[in-house]
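Participant: Sequence first, predicted coordinates after that:
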2 protein chains.
Amino acid sequence: MLPLSQTTGYAVRALRCLQEPGGLPVLVEEVAEYTGIPRSYLSKLIHKLAKKGLVVARRGHHGGVVLARPSTEITLEDLSEAIDGVAWRKRCLMGLLGCGGDAPCVLHDFWQETLEQILARLRSVTLADLVQNHDDGVDRFRANHGLAGPLSEPPQGAPTVPLATASGH
Amino acid sequence: MLPLSQTTGYAVRALRCLQEPGGLPVLVEEVAEYTGIPRSYLSKLIHKLAKKGLVVARRGHHGGVVLARPSTEITLEDLSEAIDGVAWRKRCLMGLLGCGGDAPCVLHDFWQETLEQILARLRSVTLADLVQNHDDGVDRFRANHGLAGPLSEPPQGAPTVPLATASGH
DNA sequence: ACCAATGATGATCTTCCGGTAATCTAATGT
DNA sequence: ACATTAGATTACCGGAAGATCATCATTGGT
């Protein structure tokens, strides 16, 4: 019933807790605690985002998760597409059978335009834009982790073991 | 993922097969055949719409279904509301926890506006507007049943047993 | 009265999404 | 090597939406 699934919402909340590429990795565990997203579910979600190249996850000692791209280069559309795919954008609003190029329904054009507006907006909003404007505990989290209000440069007390920004697969 | 559920789409397709109030009742069975909506599922759907006062259904000999209001007075929003309710309109696009009056998310205003546009559109489109503009078999159906292109007056070969336009419960 | 026509209803099934728990596996420090 | 610390993976649970089937209940015709 909404253009973004609950899980995409989770992705937004979760990624807001991460550091810029090259920054210190944050534990899935911590993110789960601060966002209220169930740990195991979050783990899968993170993994999915990692496969799509949006974050880098690393296991073992000093493992954790870091953004794979600067927060200014991760849009809401990226997240939506990574999680919910793209198929839903192509269906007739009312599910009319013959609705298509040759015989569009009365709402066809309206819906195309509306969708375009929505997608344009999702494209124009980046993770960096989402860093403020809410109070769900993440700000506190960011403070505790030395992250400035708006996502900033990686902190000076730099990573002992910086994670690669992109891994082969 | 879309503002209208599949079932609401069904409702649109189904109601396009019905006659104006006072017209001849059409069988659920027939509607199911012509629209491809599963018979039993459609039956329940019709029942739901009947409870909401959008159609009148009658069982037994010469039973069937008829619109309870003129097609010009049944909007898409009526159908959407009857079937999917209204709760989904109130949620934050991204499911952010604190998103509300005091601390709206970056997309809050955009989403409010977009939703308003969508709802306005659903309100402005009536069943009568939906009668043409597609080719899903319903036009053939309407022809077979003496229904003009756009929904028109009830045919002259009038109902032997017209259904009441509104029933107590 | 009875029967046939016709919508209503309840039980059940499938699929998808969100969620949980247990276990596996990779990375690291010692 | 080995223990510890992480994320990854697998199996399963539960609810909602969509769908099916069998059966019930009402109505009109005879």
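Facilitator: That came through fine.

Participant: What's the biggest helix in chain A, counting residues?
Facilitator: The longest helix of chain A (DSSP state H) is helix A:108-124.

Participant: Once you drop chain neighbours, what's closest to A:His108?
Facilitator: A:Cys99 (6.0 Å; C-beta to C-beta, 6 or more residues apart in numbering or on different chains). Every C-beta, even on glycine, is put in place using the N, C-alpha and C of the backbone.

Participant: What are the phi and psi values at that neighbour?
Facilitator: phi -60, psi 120 (degrees, to the nearest 10).

Participant: and it, how many neighbours does it have?
Facilitator: 23 (other C-beta atoms under 10 Å in any protein chain shown).

Participant: Wait, it touches A:Cys92, no?
Facilitator: Yes. In this structure A:Cys99 lies within contact range of A:Cys92 using C-beta atoms under 8 Å: 3.9 Å.

Participant: Quickly list what's touching both of these two.
Facilitator: When contacts are counted by C-beta atoms under 8 Å, 6 or more residues apart in numbering or on different chains, A:Cys99 and A:Cys92 are jointly contacted by A:105, A:108.

Participant: re earlier: which elements pack onto the longest helix of chain A?
Facilitator: helix A:76-84, helix B:108-124 (3 or more C-beta pairs under 8 Å, 6 or more residues apart in numbering or on different chains; DSSP states H and E).

Participant: what's the closest of these to DNA strand C?
Facilitator: DNA strand C sits nearest to helix A:76-84 of all these, at 7.1 Å, using C-beta to the nearest atom of the strand.

Participant: what does the closest one contact?
Facilitator: A:3-5, A:7-8, A:11-12, A:15, A:45, A:48-49, A:52, A:54, A:119, A:121-123, A:125-126, A:130, B:1, B:94, B:107.

Participant: tell me the mean pLDDT over that helix?
Facilitator: Here the mean pLDDT over helix A:76-84 is 96, rounded to a whole number.

Participant: tilt between it and helix A:108-124?
Facilitator: 110 degrees (axes from the mean of the first three to the mean of the last three C-alpha atoms, to 10 degrees).

Participant: which of the residues in helix A:76-84 are buried?
Facilitator: A:76-84 (16 or more other C-beta atoms under 10 Å in any protein chain shown).

Participant: how about the helices in chain A?
Facilitator: Going by DSSP H, chain A shows helices at A:6-15, A:28-35, A:39-51, A:76-84, A:108-124, A:138-144.

Participant: ranking those by burial, who's on top?
Facilitator: Of all these, helix A:6-15 has the most neighbours on average by mean count of other C-beta atoms under 10 Å in any protein chain shown, namely a mean of 22.

Participant: list the helices and strands that one packs on?
Facilitator: helix A:28-35, helix A:39-51, helix A:76-84.

Participant: Just put the ones you listed in TSV and tack on distance to B:Pro25.
Facilitator: Below are those laid out as TSV (distance: least, C-beta to C-beta, whole Å):
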stretch	distance to B:Pro25
helix A:28-35	54
helix A:39-51	50
helix A:76-84	42
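
Participant: which stretch among the ones you listed comes nearest A:His62?
Facilitator: With C-beta to C-beta as the criterion, A:His62 lies closest to helix A:28-35 of these, at 13.6 Å.

Participant: The closest one and DNA strand D, are they touching?
Facilitator: Yes. Using C-beta under 7 Å from any atom of the strand, a contact is recorded between helix A:28-35 and DNA strand D, made by A:28-29.

Participant: Just the CA trace of that helix, in PDB.
Facilitator: Extracted C-alpha coordinates of helix A:28-35, given in PDB (Å, rounded to 0.1, in the frame of the first residue of the first chain):
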ATOM      1  CA  VAL A  28      25.300  -5.100  13.500                       C
ATOM      2  CA  GLU A  29      24.500  -5.800  17.100                       C
ATOM      3  CA  GLU A  30      24.800  -2.100  18.000                       C
ATOM      4  CA  VAL A  31      22.800  -0.900  15.100                       C
ATOM      5  CA  ALA A  32      20.100  -3.400  16.100                       C
ATOM      6  CA  GLU A  33      20.000  -2.100  19.600                       C
ATOM      7  CA  TYR A  34      19.800   1.500  18.700                       C
ATOM      8  CA  THR A  35      17.300   1.200  15.900                       C
END
